[in-house]
Each structure stands twice: as C-alpha cells, then as structure tokens.
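S.K.: Here's my sequence, what's the structure:
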Amino acid sequence: MPELNATVTHRRDLAPGLMILRVEPRGWALPPFKPGQFAVLGLPAEAPRSASALPEEGHDAFPRRAYSIASSSLDRDFLEFYIVEVPGGALTPRLFALREGDGLWLGPKLTGMFTLDQVDPGRNLAFIATGTGLAPYMSMLRTHLAAEPGRRFAVVHGARYVSDLGYRDELFHLERDHRNFTYLPVLSRPEPGWQGFKGHLQDFWAGRDLERAWGFKPSPEDTDFFVCGNPAMVEAMMGILQAEGFREHTRKEPGQVHFEKYW
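M.R.: Numbering: from 1, shown residues only. This is a model prediction of the structure:
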C-alpha cells in the first residue's frame, strides 16, 4: 500500500462540501508541471470519512482520484486543489475529513493535456467553467496573466449560489489590477440582491456579455476557448461555439475549442 507522502498545509472551507486544499510533499520535491495539468490524491480505505458522507458503493483498499491543480506552476513548494465533496464517493468524503497537518498520498507524476501548449502566443483566451472546473484556469491565470499583458483573458464561471463561486475575491482583484482580464460569474440559483448574471452558461452566452466587456466579438481568428466542467454544459457550449465557426481542437486537427469534462 502506498505511503502517505504528503501533508495538508492549508484548508479553506468555502461552503458545505466545497473547499480549497493545499498539499506539500514530505521529503521529496514536486516535479515541474504546466498550468492545466492534474495530480492524483489518495487515502487508505480505513481513513476517516466526513460527517456528511453517505454509504459508499463498492470497496477500494486505497481510493485515488485525479484533481486539476489550481496553484501557479511557479509555486514549487505546494499544490493547491479546489474540491467538491461527493457524499457517496470513495475518496472525497475522506479528503473532507482531513485537517491541516494530516497526511495523504500525492502521486509523483503531474500530467494532462488541458494546457496552453498548443495555443499560439498572443491569442485571446476565454475560460468557461462550471463548479470546480475553474481549478485549471486558476493555475493558468496565476502563471500567465501578469506576464502576458498583450493578450486578453476572461473567466466565465457558472455556479448555483454565491458561496459556490470559489476564488471570486481573487478573481475580482485580478480584474481590478489587470486591464486585460474580465471576470463574469453567472448564478443559476441567485439569492435576493444578486446584481450579477443569472441563468446557465449556455443561456448567458446568448447575451453577448463577453463581447461587450472586450469591446469586440471573439472570433476563431483571435480567440481560443477552454471549456471545463459539467458534461452537459460542455456539450452545449461546444454546439454554440461550433455554430459560430469555432472548431474543436485535436492533435490531428487543430482548432480553437479545448474542453475537459468533470464527473
């Protein structure tokens, strides 16, 4: 059974079942990684589960799952993760029982293809996400935004409630401090008093709010889209963008829409 080779150094609970977790390796160095890649976390089956956990289906002696890295690739001391609890899941109820100082397993290989590697420098970047699909974009922004003032960045983040908009304070600050960055949060179940955008991302898109914020309509000639989160949202946004002339990106046939489905 793998040893617990990492330590929780920071935990921030954003809402019930939603947290930010920082993890540091124990006695070994993190390898280099690219923003948008993921790591694998694990815990033994005998590890405690959260109070909100439901009976789990099946049994895994050492459950492991992949999570996108939210921290900058320039930070080499820790990795940060943005995690939602699946109450009946094998791993997340155990992760939600962790406290600062507790041990867990961190896979030594950081990998994944959802990166900026195949996007030409200078092209604008529109990041579309639901829920914790925001995580890889935080890594991209933290690594690239300040260093690349010549390209436009935007985050369109869909969630149910204000409390589900993880990183919203940081994103508002980034928007204030960087003229080339736009943050557009969208709530499907807004509380009274919410002054922002309402609805689902595919409905929000029809309002052309990113176009107004940027002052021009994103086109396949100048913008790449990254889409990450709920598979239904990903499929809907793919259809919308394809109708506007954007193509799905593959290694064999380069395009302008890159996507990753969560759960």
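S.K.: Looks to me like Y183 is in a strand.
M.R.: Yes - assessed with DSSP: H, G, I helix; E, B strand; the rest coil, Y183 lies in a strand.
S.K.: show me the residues around it that make contact.
M.R.: Neighbouring residues of Y183 by C-beta atoms under 8 Å, 6 or more residues apart in numbering: 154-155, 157, 168, 171-172, 174-175. For glycine as for every other residue, the C-beta is placed from the backbone atoms N, C-alpha and C.
S.K.: domain parsing for this protein?
M.R.: What automatic domain parsing lists as the domains of the chain is 6-106, 124-261.
S.K.: Mind putting these into a markdown table with distance to F114 and mean pLDDT?
M.R.: A markdown table is the format used below for those (distance: least, C-beta to C-beta, whole Å; pLDDT from 0 to 100):
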| stretch | distance to F114 | mean pLDDT |
| --- | --- | --- |
| domain 6-106 | 4 | 96 |
| domain 124-261 | 5 | 94 |
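S.K.: in stretch 201-209, what counts as buried?
M.R.: Along stretch 201-209, these residues count as buried under the neighbour rule (16 or more other C-beta atoms under 10 Å): 201-202, 204-205, 209.
S.K.: which pair in those residues spans the largest distance?
M.R.: Greatest spacing in these, by C-beta to C-beta: Q202 and D209 (13.1 Å).
S.K.: Could you pick out the buried ones from the contacts of Y183?
M.R.: Buried among the contacts of Y183 (16+ other C-beta under 10 Å): 154-155, 157, 168, 171, 174-175.
S.K.: Could you dump those into TSV with secondary structure and distance to R123 added?
M.R.: Formatted as TSV, the buried ones among the contacts of Y183 follow (DSSP: H, G, I helix; E, B strand; the rest coil; distance: C-beta to C-beta, whole Å):
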residue	secondary structure	distance to R123
A154	strand	13
V155	strand	16
H157	strand	21
R168	helix	26
L171	helix	21
L174	helix	19
E175	helix	20
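S.K.: Which one of the residues you listed is nearest to G58?
M.R.: Taking C-beta to C-beta as the measure, G58 lies nearest H157 of the buried ones among the contacts of Y183, at 32.6 Å.
S.K.: For S73, see how far away the closest one is.
M.R.: Going from H157 to S73 by C-beta to C-beta, to the nearest Å gives 21 Å.
S.K.: Ok, L110 next?
M.R.: From L110 across to S73, the span is 9 Å (C-beta to C-beta).
S.K.: next one: R160
M.R.: Distance of R160 to S73, given as C-beta to C-beta: 30 Å.
S.K.: One more: G158?
M.R.: Using C-beta to C-beta, G158 is found at 25 Å from S73.
S.K.: Identify each buried residue in stretch 186-201, please.
M.R.: Quick answer for stretch 186-201 (16+ other C-beta under 10 Å): 186-188, 190, 197, 200-201.
S.K.: and it, how far out from the chain's middle?
M.R.: 20 Å (C-alpha atoms, centre = their mean, to the nearest Å).
S.K.: Check stretch 180-191 too.
M.R.: With C-alpha atoms, centre = their mean as the basis, stretch 180-191 stands 15 Å off its chain's centre.
S.K.: Export only the CA atoms of that stretch, formatted as PDB.
M.R.: The C-alpha trace of stretch 180-191 is given here as PDB (Å, rounded to 0.1, in the frame of the first residue of the first chain):
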ATOM      1  CA  ASN A 180      -6.600  42.600 -19.900                       C
ATOM      2  CA  PHE A 181      -8.700  40.400 -17.600                       C
ATOM      3  CA  THR A 182     -12.500  40.000 -17.400                       C
ATOM      4  CA  TYR A 183     -14.400  38.000 -14.700                       C
ATOM      5  CA  LEU A 184     -18.000  37.100 -15.400                       C
ATOM      6  CA  PRO A 185     -19.700  35.000 -12.700                       C
ATOM      7  CA  VAL A 186     -23.100  33.500 -13.500                       C
ATOM      8  CA  LEU A 187     -25.500  32.100 -10.900                       C
ATOM      9  CA  SER A 188     -28.300  29.600 -11.700                       C
ATOM     10  CA  ARG A 189     -30.000  30.000  -8.300                       C
ATOM     11  CA  PRO A 190     -29.100  33.500  -7.200                       C
ATOM     12  CA  GLU A 191     -30.000  34.800  -3.800                       C
END
